[in-house]
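Trainee: How does the following fold in three dimensions:
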Amino acid sequence: MARKFLYFIAIIIVLVIAGGFVLNIWSKELTRLAMVPSSGFVEQSPLEENAYQDPAMWFSRPGIGLDDPARWQPATRGKERALPRTAKPDPEFAVFFVHPTSYLDRSSWNAPLEEGESQRIAKLYVRGMASPFNRASEIWAPRYRQATFGAFLTDSADAQKSIEAAYSDVKQAYDFFMATVDADTPVVLVGHSQGSLHLLRLLREEVAGKPAADRIAAVYAAGWPISIAHDLPALGLPACATAQQAGCILSWSSYAEPADPGPVLEAYATSPGFDGQLRGESEILCTNPLTGSVGGSAPASSNAGTLVPQDDLSNGELVESYVPARCADNGLLLIGPPPEMGNAVLPGNNYHVYDIPLFWKNLQSDVVSRVGSWSSGR
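Mentor: Residues are numbered from 1 along each chain as shown. Here you go, the predicted model:
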């Protein structure tokens, strides 16, 4: 599933990294040739046991200060500054965020931690995708030796080893995070794309059926299809049925209309779920970020603020009532006619790279609500 699904978002990463170069004609063969490493996998040396004690191993963590990208607060279009909140103080909670793929180099299967361009792009992803959760008392976003994009375009053993190596770093960072955050502080897990893939494995292996499950206030696994029948039972937490529910999972994949998700749905149908069975036409979990519930629809007026980025994703502003949201019968999230979000849109009107920015302000409120519910239920 990982290889097949991420193939169809290849062009997004290419567009983002290349700064807007538009590919109108593309093919599997050319993409594999350009992206899959030709050399063999080189075993990654394990990180030092205390590696994540080093602040340099984190894009975001307590103590970084003004340079912390996750603490960025975008301006709201038409307003010089955000109005002060009059509601009760935010509850304390800690966020663990895993960024999506930002490494395209085919010279190695895993991104070196010192590789400059992939780290720069990853930091932009943290800025745009972790910042909706910036009302948290703590935000932790690790650097990790992510699998190169080409690892998701092949079924080779080398590709699998590179994904395993990336997960090993994420798990080590997660273990340090969980050991460091106070045991009474609720935890929120957030990921996108490759980041969500690693989060789902953490849920299966480190959370389901274990004491850690009681600490999880919410999981936002955006940009990765989750089968309700074949995947969800293995994750140890239910889908979020309402906006007030805590200890649950949210997931969605965004498309403008007319949507053409055929290749993605085909890859989904022919891939094995976490139970080992083919996902087939099983229902995909679709959380509506405007309502906080499974399924349903909401008008654009319910959207408190979409983060509309600049072309290079380095900045942006919040725009109210920018897009609606409706869960379609096929489990994808439809956002109406194509909104102007920049040049990183996948063919078929796939707004994958914007899954989180499209609903920035609503997600900021959603997580606070769920953490409040978690705290009330203690």
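Trainee: Rounded mean pLDDT for stretch 215-235, please.
Mentor: Summarised as a single mean, pLDDT over stretch 215-235 is 97.
Trainee: List the buried residues of that stretch.
Mentor: Judged by neighbour count using 16 or more other CB atoms under 10 Å, the buried positions of stretch 215-235 are 215-228, 230-232, 234-235. From N, CA and C alone the C-beta is placed, and that goes for glycine too.
Trainee: Repeat that for stretch 335-343.
Mentor: Of the residues in stretch 335-343, those buried by neighbour count under the rule 16+ other CB under 10 Å are 335, 339, 341-342.
Trainee: Give me the contacts around that stretch.
Mentor: Identification of contacts with stretch 335-343 by CB atoms under 8 Å, 6 or more residues apart in numbering yields 15, 20, 22, 254-257, 300, 306, 308-311, 313, 322-326, 345, 349, 351, 354, 357-358.
Trainee: what's the answer for stretch 40-56, then?
Mentor: Counting contacts by CB under 8 Å, 6+ apart, the residues outside stretch 40-56 that touch it are 57-58, 61, 63-64, 108-110, 142-143, 145, 157-158, 161-162, 165, 168-169, 172-173, 176-177.
Trainee: Quote the end-to-end distance of that stretch.
Mentor: Distance between the boundary residues of stretch 40-56 (CA to CA, to the nearest Å) amounts to 29 Å.
Trainee: tell me which residues in that stretch are buried?
Mentor: Taking 16+ other CB under 10 Å as the neighbour-count basis, stretch 40-56 is seen to contain the buried residues 41, 44, 47, 51-52.
Trainee: And for stretch 175-186?
Mentor: Under the neighbour-count criterion of 16+ other CB under 10 Å, stretch 175-186 has 176-178, 181, 185-186 buried.
Trainee: now stretch 111-125
Mentor: Within stretch 111-125, the residues scored as buried using 16+ other CB under 10 Å are 111, 113, 115, 118-119, 121-125.
Trainee: what's the closest of these to residue 369?
Mentor: Of all the buried residues of stretch 111-125, residue 125 has the smallest distance to residue 369: 24.7 Å, by CB to CB.
Trainee: how about the helices in this structure?
Mentor: 2-7, 10-17, 28-35, 116-129, 157-180, 194-202, 262-269, 360-376 (DSSP state H).
Trainee: Figure out which of those is closest to residue 78.
Mentor: helix 360-376 (13.7 Å).
Trainee: Deepest-packed of the helices of the chain, please.
Mentor: With neighbours defined by mean count of other CB atoms under 10 Å, none of the helices of the chain is more surrounded on average than helix 194-202, at a mean of 25.
Trainee: That helix - what's its average pLDDT?
Mentor: Regarding helix 194-202, the rounded mean pLDDT is 97.
Trainee: swap in stretch 122-129?
Mentor: Taken as a whole, stretch 122-129 carries a mean pLDDT of 96.
Trainee: quick one: contacts of it?
Mentor: Counting by CB under 8 Å, 6+ apart, stretch 122-129 makes contact with 59-60, 69-70, 72, 97, 99-100, 102, 141, 143, 146, 190, 192, 307, 309, 313-314, 316, 356-357, all of which sit outside it.
Trainee: Greatest separation within the buried residues of stretch 111-125: which pair is it?
Mentor: For those, the farthest-apart pair by CB to CB is 113 and 124; their separation is 17.1 Å.
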